[in-house]
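> Got a predicted structure here, sequence first:
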Amino acid sequence: MSNSQFDADVLVIGGGPGGSTVAWDLARNGVDVLVVDGAEFPRVKLCAGWITPQILDALELDPEQYPHTISPFSSAVLWVGDTPCRTDYRRPVSYGIIRAQFDNFLLQRALDAGARFLNENVGSVESNADAFVVTTREGSTYRAPLAIGAGGSKDPIRRKLTTHAAEERMVVTLESETRVGADRIREHTPYYEVPELFLEPDFNGYAWYFTKGDYLNIGIGRLGDPRIRDAHPRFMQQLRDLGRLTPELEADLTKFRGHPYKIYDSVPNQAHGERFLLVGDAAGLARHYSGEGIRPAVESARDAAEVARTALERGRFAGADLEGYASKLTERYGPQKAPRFDPTRWIPHSWQSRIVQGICRNDRLRRDWVFGKVFLFDPEAAAS
Ligand SMILES: Cc1cc2nc3c(=O)[nH]c(=O)nc-3n(C[C@H](O)[C@H](O)[C@H](O)COP(=O)(O)OP(=O)(O)OC[C@H]3O[C@@H](n4cnc5c(N)ncnc54)[C@H](O)[C@@H]3O)c2cc1C
């Protein structure tokens, strides 16, 4: 498929789960792919590392064969105020992975399938009549008929070649992940390898205390809200009060850092254009309420790979030729428009608060709605 006027059939910007999955899919189908990522892998990616089983299907990955930390979660605890509400399952409904390991594994798999990797930072991007052109800050220029933007929320194609609505909202986060040792974690929590979620008092997000093998991951995410700097100390105090954090443990934690990303809500995202497709966070696909973004990154990567293969076969890369990708995303995640009926507009906040608390405390509603619909844990697998 390679043509001498091009450096690759497809340029992929970013080697996270979205970029490495699209590269893996294309490379094993004979497409010449060049992945460009400014980070040296394995690299740290801020993330709780919580994945649902469907992502393993999309990756064609058997958790038994995965060679790194993968903690199966068969229970989850939702804290509503001071009350821990626990739901148990007969089988794992989600898993905990370490992003540095997981992303490196996926990238390596793409390289094993034949994709090439360039460790450089993309500085500028241009889509013209002849090619998609990527220039790196290190000074190299690469041309291909098609590019895939998988650079997360700071993706250069997203930033330079797409338009954004003023009302676009991001999830704002603060997180720390530290390898502290399983025994030490067990001394601090009765819920080892049971994810604990802490609903924010105004329901505009949640915090978490995740234990995965030797790793402790603590974080908080709020939707479109810079007041996270106030929410974070409140949450840390709650963890101290619960005994989850002692001064010695706290002193060893890695520094809390933030990273914003867009969720898939009623504000439309542009996910394709002339000679390009965007996947994962670059397309703003993370799930509303839960903030789950790894699975949409992988699913959109599989969809993008299919559309890219067809475009390469036909030799057509105009925005209209790539329209099928937008349709696939809408089919998967629904149309991006404001709901016709939004009860939160007319129900007073104090009532909403009581309703949400009631739902979270009720075993059946928590299983079916909160864990079932928001976090996608299969309610059929619930223990009772
Ligand atoms: C604190 C926090 C917790 C989260 N927890 C979860 C969770 O538990 N479960 C879940 O499913 N999702 C979670 N998410 C969301 C999830 O991390 C993202 O949705 C996911 O990483 C998106 O994958 P991606 O491949 O699109 O982008 P990324 O994983 O962000 O990968 C993008 C890659 O592009 C590279 N790149 C960017 N710009 C350039 C450039 N100019 N040149 C070269 N390379 C570039 C970067 O180095 C990076 O490697 C969390 C996010 C945050 C911030």
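It's in.
> what's the weakest-modelled helix or strand in the protein?
Sorting the helices and strands of the chain by mean pLDDT, DSSP states H and E puts helix 349-361 at the bottom, at a mean of 90.
> Only C-alpha atoms, please: export it in PDB.
Provided in PDB are the C-alpha atoms of helix 349-361 (Å, rounded to 0.1, in the frame of the first residue of the first chain):
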ATOM      1  CA  HIS A 349     -31.100  20.800  44.500                       C
ATOM      2  CA  SER A 350     -32.100  19.700  48.000                       C
ATOM      3  CA  TRP A 351     -34.600  17.300  46.500                       C
ATOM      4  CA  GLN A 352     -32.200  16.000  43.900                       C
ATOM      5  CA  SER A 353     -29.700  15.400  46.700                       C
ATOM      6  CA  ARG A 354     -32.300  13.300  48.700                       C
ATOM      7  CA  ILE A 355     -33.300  11.400  45.500                       C
ATOM      8  CA  VAL A 356     -29.600  10.600  44.600                       C
ATOM      9  CA  GLN A 357     -28.800   9.500  48.200                       C
ATOM     10  CA  GLY A 358     -31.900   7.300  48.300                       C
ATOM     11  CA  ILE A 359     -30.900   5.600  45.000                       C
ATOM     12  CA  CYS A 360     -27.300   5.100  46.100                       C
ATOM     13  CA  ARG A 361     -28.300   3.600  49.500                       C
END
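> Show residues contacting it.
Applying CB atoms under 8 Å, 6 or more residues apart in numbering, the contact partners of helix 349-361 are 78, 80-81, 83, 85, 199, 202-203, 344, 347, 365-366, 369-370. Where you see a C-beta, it was placed from the backbone N, CA and C, and this is true even at glycine.
> Could I get the buried residue list for that helix?
By neighbour count on 16 or more other CB atoms under 10 Å, the buried set for helix 349-361 is 357, 360.
> rewinding a little: so which of the contacts of helix 349-361 wins on neighbours?
V370 (24 neighbours; other CB atoms under 10 Å).
> Need the three-state assignment for that one.
Look at V370: counting by DSSP: H, G, I helix; E, B strand; the rest coil, its state is helix.
> Could you find the closest non-adjacent residue to it?
Closest residue in space to V370, ignoring its immediate chain neighbours: C360 at 5.8 Å, by CB to CB, 6 or more residues apart in numbering.
> which residues touch E138?
Neighbour list for E138: 120-121 [criterion: CB under 8 Å, 6+ apart].
> And it, what's its pLDDT?
Model confidence at E138, given as pLDDT, is 97.
> what does N3 give?
For N3, pLDDT reads 56.
> Use 31 as the first number for this chain going forward.
From this message on, residue numbering opens at 31, which makes the last subject N33.
> Helix or strand next in line after the least confident helix or strand of the chain, which one?
helix 393-395 (DSSP states H and E).
> how much distance is there from that following helix to the middle of the chain?
On the basis of CA atoms, centre = their mean, to the nearest Å, helix 393-395 is displaced by 27 Å from the centre of the chain it belongs to.
> Show residues contacting that helix.
115, 117, 388-389.
> What's the mean pLDDT across it?
On average, helix 393-395 scores 97.
> Over to stretch 338-349?
In this model, stretch 338-349 has a mean pLDDT of 98.
> Buried residues, that stretch. List them.
Residues of stretch 338-349 classed as buried under the neighbour-count rule (16+ other CB under 10 Å) are 338-339, 341-342, 347.
> can you list those in CSV and add secondary structure?
Shown next, in CSV, are the buried residues of stretch 338-349 (three-state DSSP):
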residue, secondary structure
A338, helix
R339, helix
A341, helix
L342, helix
F347, coil
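> coming back round to it: by pLDDT, give me the weakest of the contacts of helix 379-391.
Ranking the contacts of helix 379-391 by pLDDT, T374 lands last with 75.
> Is it correct that that one falls within a helix?
Yes. According to three-state DSSP, T374 belongs to a helix.
> Tell me how far it lies from the ligand.
24 Å (CB to the nearest ligand atom, to the nearest Å).
> and what of Q131?
As judged by CB to the nearest ligand atom, Q131 and the ligand stand 13 Å apart.
> for P290, same thing?
P290 is 7 Å from the ligand, by CB to the nearest ligand atom.
> One more: A140?
Separation of A140 from the ligand (CB to the nearest ligand atom) stands at 12 Å.
> Mind telling me what element that residue is part of?
Counting by DSSP H and E, the element that carries A140 is helix 129-142.
> Rounded mean pLDDT for that helix, please.
Mean pLDDT, helix 129-142: 98.
> Output the contacting helices and strands for it.
Applying 3 or more CB pairs under 8 Å, 6 or more residues apart in numbering; DSSP states H and E, one finds that helix 129-142 makes contact with helix 47-57, strand 63-66.
> got the angle for it vs helix 47-57?
Going by axes from the mean of the first three to the mean of the last three CA atoms, to 10 degrees, helix 129-142 is angled at 20 degrees with respect to helix 47-57.
> Which single one of the contacts of helix 393-395 is nearest to G243?
Using CB to CB, T117 is the member of those that lies nearest G243, at 22.1 Å.
> and whatever residue of the stretch 81-230 of the chain ends up closest to the ligand, how many neighbours?
Among all residues of the stretch 81-230 of the chain, G182 sits closest to the ligand, at 2.7 Å; criterion: CB to the nearest ligand atom. Taking other CB under 10 Å as the criterion, the count of residues near G182 is 22.
> Distance to I100 for the contacts of helix 379-391 - can I get that in CSV?
Below are the contacts of helix 379-391 laid out as CSV (distance: CB to CB, whole Å):
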residue, distance to I100
L108, 23
V110, 29
G111, 32
T113, 30
C115, 26
L229, 27
D232, 34
F233, 31
T374, 37
I377, 41
L395, 30
R396, 25
W399, 27
V400, 24
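> where in this protein is pLDDT low?
31-33, 256 (pLDDT under 70).
> Could you check how far G364 is from the ligand?
18 Å.
> Starting from the following helix or strand past the helix holding A140, tell me which strands it pairs with and how they run.
Sequence order places strand 146-148 as the next helix or strand after helix 129-142, per DSSP H and E. Strand 146-148 pairs in its sheet with strand 63-66 (parallel), by DSSP bridges.
> This completes my enquiry, with thanks.
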